[in-house]
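Novice: Next input, structure requested:
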Amino acid sequence: MKIHSKRYSWLSYTAFILGILLAASPVIHAQIVSFDLMLAFYIGIPIVVILSLIALLKRDEKKLLAFVGLILGLIMLGFVSLLLYIPGHKFSNVTYFISQM
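Specialist: All right, here's what the predicted structure looks like:
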């Protein structure tokens, strides 16, 4: 009978690092490099969520890094959805105030 210890795999590390990069990408975009921010979000968020869920479903894997990566991905998903929804909504107060300036 072998006892397998739980440890982090490449899935957890990748989800965690991509989640941190997604959370830091607005700062990186404003300060250092100019790139298409929405394209990074459209590609990065689903990858982070899928990798985190796969890592969370693995039996012999520690869950902390995958969980933190999933939380960061979901926070950025909320950020992007608010970023896209609020200014473009027809009855939004934000578009009304922006148009009045």
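Novice: only C-alpha atoms for contact and neighbour calcs from this point on.
Specialist: Noted.
Novice: which residues touch Phe41?
Specialist: Phe41 makes contact with Leu22, Met76, Val80 under the criterion C-alpha atoms under 8 Å, 6 or more residues apart in numbering.
Novice: ok, the spatially most central residue of the chain - contacts?
Specialist: The geometric centre of the chain, computed from its C-alpha atoms, lies nearest to Gly73 (C-alpha atoms, centre = their mean), at 2.5 Å. Remark: with contacts taken as C-alpha under 8 Å, 6+ apart, Gly73 is in contact with Gly19, Leu22, Ala23, Ile45, Pro46, Val48, Val49.
Novice: What of Leu70?
Specialist: Applying C-alpha under 8 Å, 6+ apart, we find Leu70 in contact with Ala15, Phe16, Gly19, Val48, Val49, Ser52, Leu53.
Novice: Show me which pair in those is furthest apart.
Specialist: The span of the contacts of Leu70, defined through C-alpha to C-alpha, is set by Gly19 and Leu53 at 13.0 Å.
Novice: Quick check: of the contacts of Leu70, which lies closest to Ala66?
Specialist: Using C-alpha to C-alpha, Ser52 is the member of these that sits closest to Ala66, with 4.7 Å.
Novice: That closest one sits in which helix or strand?
Specialist: helix 37-57 (DSSP states H and E).
Novice: can you pull the buried residues of the following helix or strand past that helix?
Specialist: Along the chain past helix 37-57, the next helix or strand (assigned with DSSP H and E) turns out to be helix 64-88. Buried residues in helix 64-88, counting neighbours by 16 or more other C-alpha atoms under 10 Å, are found at 65-77.
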